[in-house]
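Asker: model the following, please.
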Amino acid sequence: MTRIVLIASLLGLLSGMTLADEIGSVDTALKLVGPNHKIVIEAFDDPMVKGITCYLSRAKKGGITGGLGLAEDPSDASISCRQTGPILLPDNVVTGEQDGVQVFKKSTSILFKKIQVVRFYDKSRNALIYLTFSDELIDGSPKNSISAIPIKN
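Answerer: Now for the predicted structure:
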């Protein structure tokens, strides 16, 4: 019985994760050993609001540690979200939480550091706002970027 609960919990966690498609990248610094430092562009669809796609650009560290997945990526990121189809706004988004709802999260270091995207709903202006930032277990970064999409009636 315990195994079934554990497996169901893991499947629930995995189904809630949003995966991003890598669109492309550009090198920003040559590394003689290992991959170059780069800026990566990724796209993901809002898992709860159909018709919204967000494009995230973020710095990715190269070199030996970057190539092995041991480097901590910088906290620099930018986001641009766009309407890519008819927007279907579920009721739970309109009555959403004041603190926002996480729609994307990706690890940017081997331990504890993540880049996140949180969605807010501005009821008085009928708009969705997407905020990207980086957090760390002990010391997060104030670097952030936002994108807003007006919802037309």
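Asker: mind checking which helix or strand the residue most central in space within the chain is in?
Answerer: In the chain, the centroid-proximal residue (C-alpha atoms, centre = their mean) is residue 104; its distance is 3.7 Å. Under the criterion of DSSP states H and E, residue 104 resides in strand 101-107.
Asker: so what are the sheet partners of that strand and their directions?
Answerer: The strands beside strand 101-107 in its sheet (DSSP bridges) come out as strand 114-122 (antiparallel).
Asker: residues contacting the partner strand, please?
Answerer: The contact list for strand 114-122, computed with C-beta atoms under 8 Å, 6 or more residues apart in numbering, reads 44, 46, 48-49, 54, 56, 58, 73, 75, 77, 79, 93-94, 96, 100-108, 127-135, 148. All C-beta spots, glycine's among them, are computed from the backbone N, C-alpha and C.
Asker: likewise for stretch 43-57?
Answerer: Contacts of stretch 43-57 (C-beta under 8 Å, 6+ apart): 16, 18-21, 23, 39-42, 77-90, 92-93, 101, 103-104, 115, 117, 119, 128, 130, 132, 147, 149.
Asker: so which of these are in strands?
Answerer: 21, 23, 39-42, 77-88, 101, 103-104, 115, 117, 119, 128, 130, 132, 147, 149 (DSSP state E).
Asker: for the residues you listed, which ChimeraX command selects only the ones that are buried?
Answerer: Buried residues among the ones in strands among the contacts of stretch 43-57 (16 or more other C-beta atoms under 10 Å), as a ChimeraX selection:
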select :39,40,41,42,77,78,79,80,81,87,101,103,104,115,117,119,128,130,132,147,149
